[in-house]
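> take a look and give me a structure for this.
(one chain, ligands or ions: 1)
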Amino acid sequence: THQWRGIIEEYRDRLPVSDTTPVVTLREGGTPLVPAQVLSERTGCEVHLKVEGANPTGSFKDRGMTMAISKAKEEGAKAVICASTGNTSASAAAYAVRAGMVSAVLVPQGKIALGKMGQALVHGAKILQVDGNFDDCLTLARELSENYPVALVNSVNPVRIEGQKTAAFEIVDMLGDAPDIHVLPVGNAGNITAYWKGYTEYAADGIATRTPRMWGFQASGSAPIVRGEVVKDPSTIATAIRIGNPASWQHALAARDESGGAIDEVTDREILRAYRLLAAQEGVFVEPASAASVAGLLKAAEQGKVDPGQRIVCTVTGNGLKDPDWAVAGAPQPVTVPVDAATAAERLGLA
Ligand code: F0G
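Residues are numbered from 1 along each chain as shown. From the prediction side, this is the model:
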């Protein structure tokens, strides 16, 4: 009879809500923290995966969206808008349904995974494919929200960050203290900002004795923070983090510097290697962008930058089912057999 109530009810005293805020929830959060055996062996550390693909719409965006849509409803909004590489739009569309609102989403033409497009469609979002990249979509969404009656629910909306910081709370609540290092993929840089806020709040209140070093990883073709300049034409197979001018750039730098952390890059090849390792050796199916955190950890370990014995949490941000093309690509076609046990056994190598 007791189920997780969603991040607003579970962490109400740490979020900017009141008794009169209408709580729009799909009971997001409360996601698994899974010990990663193979990664632990490879690094000599105690590695955990925070599996955010277990959220209701399959990504961490739901933590921010329950807050953004609840606050928008409280303020009387009838419609919400976002720019998205896919996951934000899927989440906004679902939570807008719960709130009885209209959702509008702006996505870069041809650059979002099919599963995410399907989610926005089936939840009834009004979708515009923009002839541009995510950064162009965000510029357009901001302009529309300033001039028309529609609330912006991107992570430039500070209540999104408030909701997303609860993932750090869950980790500390689960482990008893903050880890030594927290690793995550970086795109628009809202999530690294949110985790850092969560960790610092818990440390300030004495719930954690310390804060972790924050390690963020961008895809090499979309690594403006690493390069120190805007990337005009970002590219990567990890479409979720194909972003050239992150909105929370300065906050990401602050998280890095205040935590004694690092922001580095991983190649698409490294991302796909980590993607396959997670699925084939840890049993956790994530989308490519999510594997950037694990790719980064493995790269750092190979460079000798990971001292053994540390406790490390990698956030894997989105579910693999959203973008299954990369699971199928390059894999052998399953063979077809007749309804015959002897043949099946032979093909399975059992006989
Ligand atoms: N991982 C996934 C699966 C994402 O969808 C995103 C961002 C990130 C990582 C990066 O997080 O932007 O806070 O640094 N997706 C956004 C979207 C941009 O529109 O769904 P970030």
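> use CA for all of it now, contacts and neighbours both
Noted.
> hmm, Glu265 is touching Pro224, no?
No. Contact status for Glu265 versus Pro224: not in contact, 9.7 Å apart, counting by CA atoms under 8 Å.
> tell me which of those two has more neighbours.
Glu265 (25 against 22; other CA atoms under 10 Å).
> what pairs with the more buried one across the strands?
Gln218 (DSSP bridges).
> near the ligand, which residues of the stretch 151-300 of the chain show up?
Proximity of the stretch 151-300 of the chain to the ligand, by CA under 6 Å from any ligand atom, involves residues Pro185, Val186, Gly187, Asn188, Ala189, Gly190, Asn191, Ala240, Ile241, Ala289, Ser290.
> now with 8 Å?
Contacts of the stretch 151-300 of the chain with the ligand, taken as CA under 8 Å from any ligand atom, map to 154-155, 184-193, 240-243, 246, 287-290.
> among those residues, which are located in strands?
In strands, defined here by DSSP state E, the members of these are Leu184, Pro185.
> among the residues of the stretch 151-300 of the chain next to the ligand, which lie within helices?
Gly190, Asn191, Ile192, Thr193 (DSSP state H).
> where does the residue nearest to the third one when sequence neighbours are not counted fall, secondary structure wise?
Read that as Ile192. Distances taken as CA to CA, 6 or more residues apart in numbering put Ala252 closest to Ile192, at 6.2 Å, once the chain neighbours are dropped. Take DSSP states H and E as the rule and Ala252 turns out to sit in helix 249-259.
> next one: Gly64
For Gly64, the element it lies in under DSSP H and E is helix 61-74.
> buried set for that helix?
Within helix 61-74, the residues that count as buried by 16 or more other CA atoms under 10 Å are 61-73.
> could I get those as a markdown table with pLDDT and distance to Gly176?
Output for the buried residues of helix 61-74, formatted as a markdown table (pLDDT from 0 to 100; distance: CA to CA, whole Å):
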| residue | pLDDT | distance to Gly176 |
| --- | --- | --- |
| Lys61 | 98 | 25 |
| Asp62 | 98 | 24 |
| Arg63 | 98 | 21 |
| Gly64 | 98 | 24 |
| Met65 | 98 | 27 |
| Thr66 | 98 | 26 |
| Met67 | 98 | 26 |
| Ala68 | 98 | 29 |
| Ile69 | 98 | 31 |
| Ser70 | 98 | 30 |
| Lys71 | 98 | 31 |
| Ala72 | 98 | 34 |
| Lys73 | 98 | 35 |
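> which of these lies closest to Gly228?
Using CA to CA, Lys61 is the member of these that sits closest to Gly228, with 26.2 Å.
> now do stretch 46-60, average pLDDT.
Taken as a whole, stretch 46-60 carries a mean pLDDT of 98.
> go ahead and measure how far that stretch is from the middle of the chain.
For stretch 46-60, the separation from the chain centroid amounts to 8 Å (computed by CA atoms, centre = their mean, to the nearest Å).
> can you tell me how far Gly216 sits from Asn188?
As for Gly216, its distance to Asn188 is 12 Å (criterion: CA to CA, to the nearest Å).
> can you give me the strands in the stretch 251-351 of the chain?
Remark: strands assigned in the stretch 251-351 of the chain by DSSP state E, counting those that start in this stretch are 262-266, 311-316.
> who touches the first one?
When contacts are taken as CA atoms under 8 Å, 6 or more residues apart in numbering, the neighbours of strand 262-266 outside the stretch itself are 213-220, 223, 225-226, 256, 292, 295-296, 299.
> now for those: which two are most distant?
Within the contacts of strand 262-266, two members stand farthest from each other by CA to CA: Arg213 and Ser220, at 21.5 Å.
> now for this protein, the helix or strand with the poorest mean pLDDT.
For the chain, counting by mean pLDDT, DSSP states H and E, helix 325-328 ranks last in confidence among helices and strands (a mean of 94).
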